[in-house]
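Colleague: my questions concern the predicted model and sequence given below.
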Amino acid sequence: MNPRRRVRAAALSVVGLLAAAALAACGGGSVGSDVDAQPSSSGSLVVYSGRNEDLVAPVIEAFEKASGIDVEVRYGSTPEMAAQLLEEGQGTPADVYFSQDAGALQALEDAGLLAPLSSGSVAKVADVYRSASGQWVGISGRARVLTYNTELVPAAQLPDSVFDLTDPAWKGQVGWAPTNASFQSFVTAMRLSEGDAVAEKWIADMVANGAQSFESNSEIREAVDAGTIKVGLSNHYYLYEKIAEVGAGSVTAANHYLGAGDPGSLVNVAGVGILAPSQRQAQAQALVDYLLSTEGQTYFAETTFEYPLVDGVPTAAELRPLAELQGPGISLGQLSDVAATQAMLSEAGLI
Amino acid sequence: MPVDAPIRTEPRAPVRGSVLGVRAAPLHVVAALAALVASVPLLYLVVRVSDAGWSRVLDIVVSPRTGVLALRSVGLALAVALTCMVVGIAVAWLVTRTDLPLRRTWLVVAALPLAIPSYVTAYTWLAAFPWLEGPVASWFVMVMACTPYVVLPVAAVLMRLDPSGLDVARTLGLGPVAAFRRAVVPQVLPAAASGGLLVALYTLSEFGVVSLLRFDTFTRVIYTSYRASFDRTTAAVLALVLVALAVVFVLAERRVRGPGSRWRTDRGAARVAQPLRLGAWRWPALAAMCGFYALAVLFPMAMLGVLLLRGRPGVDVGEWAAAIGSTVLASGTGALIALLLAIPIGVLAARYRDRLASAIESVAFLGFALPGVTVGLSLVFLGITIAPVLYQTLAMLGFAYAVLFLSTAIGSVRSSVAQVPPVLEDVGRTLGHGPLRTWSRITLPLVAPGIAAGALIVLLTAMKELPATLMLRPTGMDTLATELWTRTSVAQFGEAAPYAVSLVLLAAVPALVLARLAGRRQEG
């Protein structure tokens, strides 16, 4: 084939491809619009999940089987999804929002987008792990920990408080993730429990002590495990993800729980809320009930190594029991107050 | 008269109506509509910012941190764009005009970095060198990912460039370097600058690379303000600042491009160029090419291979095939819509040099400078308010791709139209054809490869897009990029590697066709 013909053939194939795509788009568009248009009481229950598909899909499937209710899940990351829900407002096609942290749920509640949860199952969760006004509820607990490299740090040298990490002994050895939502919740907790001045000083001292910034908790885990840094401020379950992937024998990182009442011992939750505009309130409530049932809670305890929040469901043996964790005395709903935290981190040049 | 010398564009036929002091042709109206469609994110940002009140807007804009970040973003964008232009012109010249061994193969290789999403490139470098971070590392990875934006258009110009300009310069007594600078550089500079503009805008909006390499830029802060506080107002104000920075780059490119015309004015066919003999430089040049593309293509591909083997990829074949299908469908839809918008704008930009045409073209470029999350949210807002029926459908997702990547198509449409002498169209008109018929009989066949190249680059870029895809895809639909994201956000890269490899291989197809199109000689 001469070059010019080849070009023509290429151009033709592109045109063909585009035409096919256009046809499919028109077809797909009209089919999709039946499903995704305005909220209606028929059709599937639509869940917006800020939690990962690998973690959520199995428990949703189990719910579908148990209830006979059809569920469609849309996956995204928690904050972007919250922003999307705020943008969608009353027109949202979502019935349920499954969030990775309490702050995002509180932001939706504050915007008037959540419906009150009516069911008795919500009462099974301790007050501290749900919204004061009953519009969202925690499903599983996630503890802040200090992840450390077991080859570089003897257990005896581990600190009791995040405030010890400003000691010169830890110079350049602490990883943190200033842009991460869990980290910002922890700083918010510090601000609320210890006061802004203390939090501000801690941040400045940490910066002066050469704290290493990372984008995410998994990057911190990798750096600690590789020995690039000795310790990192993270959430407890990231370690178990790694162990599940490569086996306990190949992991040199371990979790250390900080002392009672320390901001570094905060326990946050992943939780759910039902969207106020939803026309499928009963089905949505059924999903919430299922997630708080023994089956649902056991799933999270065993698969994601998070803390079950309903009594009687055992916590994974590797974890320190939830009852022994004592975070700072603040309510999780207050954690939506991240604006001041961001201003503080921004002032320090961290975000 | 020297061929390809810049001459003034002849004014087109007189038209009625006046906008911006310019007499507007029907083409202006069509192109303005296309630009309006493309400026949806801008309108959204204005709506969001107007909620805020002036004092709050001022607080955000005037903070010292905003200034620092703006400087960093502009600095990075400028450094990446200039490096890509220098490397890109050199590579394009080596593969089109010299006796470099295997130069046709090299042109194909030079297109391949386009197939690798830049966040994947960053990830592979980090997997090998975990200590990489900061501005220099970000610059390096961005350069590795972005050179094709310059190489391809410049190679296309060099392939079609009549070599007699260079010969004339030599016979007038200039040495080889001076002749190259006087006769060739002015010809390729506009193509290199428009490629450089795309690189600069892309760098401004880039999030994956700078966040992996821990370099705080403007875009990273926009993401952070969505992420931690669901604060759409601050994010919108910052995004508007980003738009202002983008405008500076657009205007700079406009200056470099200048008012000259790019068609041959001589009679007869252009002579086929004899490749320049590199002599003693042949092997060092080959070594430089090998070195550069070992870093830009071979390294990330090999690392992906290693990660693929090291992980335990348990790929569900059905899921995998569905993801490939959705990727092609969604990005194909995007390419088609982008083309419909890009053709009137590109033709207008090639044929008219007035202020209105210039404004229309500039507006269409801004989507590329905005972070995907901002464009995504703007279309969420638009979809819910104006077209709830289309919300979260394939058509809407394709539209988002078109808005984001329209600018990548405009350049190739514009430059291919600019190479068709308007006198050909005038001949068509004197033979009694109407303007549309003339265009479809005469211009279209000549510019078809350029238009195809525009569609392909949108197709390619859309395949790799993530944030807008997450928000606007039909519920339940997964593309290769979302599958990749699902896996990297939960576990190690091992599980994601099969999807990353599939994405790279799939995107390599349009990249190879692009290389072919850039490497063809002038038609007719």
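Modeller: Yes, it's here.

Colleague: wait, is residue B:34 part of a helix?
Modeller: Yes: Residue B:34: assigned to a helix according to DSSP: H, G, I helix; E, B strand; the rest coil.

Colleague: once you drop chain neighbours, what's closest to it?
Modeller: Spatial nearest neighbour of residue B:34, excluding adjacent residues (CB to CB, 6 or more residues apart in numbering or on different chains): residue B:341 at 4.2 Å. (Each C-beta comes from the backbone N, C-alpha and C, glycine too.)

Colleague: do residue A:208 as well
Modeller: residue A:166 (7.8 Å).

Colleague: what's near enough to touch the one you found?
Modeller: A:202, A:205, A:206, A:208, A:209 (CB atoms under 8 Å, 6 or more residues apart in numbering or on different chains).

Colleague: for residue B:441, same thing?
Modeller: Per CB under 8 Å, 6+ apart, neighbours of residue B:441: B:428, B:433.

Colleague: and it, what pLDDT?
Modeller: On pLDDT, residue B:441 comes in at 82.

Colleague: what about residue 163, how many neighbours?
Modeller: Answering for chain A, as no chain was given. Here the number of neighbours of residue A:163 (other CB atoms under 10 Å in any protein chain shown) works out to 19.

Colleague: you looked at the wrong chain, it should be chain B
Modeller: 19.

Colleague: so it makes contact with residue B:274?
Modeller: Yes: under the criterion of CB atoms under 8 Å, residue B:163 makes contact with residue B:274 at 7.4 Å.

Colleague: thinking again about what came up before, from what I can see the residue nearest to residue B:34 touches residue B:361, true?
Modeller: No: using CB under 8 Å, residue B:341 is not in contact with residue B:361, being 11.7 Å away.

Colleague: residue B:173: which element?
Modeller: Assessed by DSSP states H and E, residue B:173 sits outside every helix and strand.

Colleague: quick one: it and residue B:447, what's the gap?
Modeller: 37 Å (CB to CB, to the nearest Å).

Colleague: so these two - more neighbours on which side?
Modeller: The neighbour count for residue B:173 versus residue B:447, taken as other CB under 10 Å, is higher for residue B:447 (26 against 8).

Colleague: how many residues are close by the spatially closest residue to residue A:304 that is not a sequence neighbour?
Modeller: Ranked by CB to CB, 6+ apart and with sequence neighbours excluded, the top spatial neighbour of residue A:304 is residue A:55, at 5.4 Å. Counted by other CB under 10 Å, the residues lying close to residue A:55 total 21.

Colleague: for the residue nearest to residue A:90 when sequence neighbours are not counted, phi and psi?
Modeller: Using CB to CB, 6+ apart and skipping the chain neighbours, the partner closest in space to residue A:90 is residue A:277 (5.0 Å). When read as degrees, to the nearest 10, the backbone of residue A:277 gives phi -70, psi -10.

Colleague: ok, residue B:276 next?
Modeller: phi -70, psi 130.

Colleague: so it sits right up against residue B:98, yeah?
Modeller: Yes: using CB under 8 Å, residue B:276 makes contact with residue B:98 at a distance of 4.8 Å.

Colleague: and the helix or strand containing the residue nearest to residue A:304, what's buried?
Modeller: Using DSSP H and E, residue A:55 sits in helix A:53-67. Neighbour-count burial for helix A:53-67, with 16 or more other CB atoms under 10 Å in any protein chain shown as criterion, is recorded at A:53, A:54, A:55, A:56, A:57, A:59, A:60, A:63, A:64.
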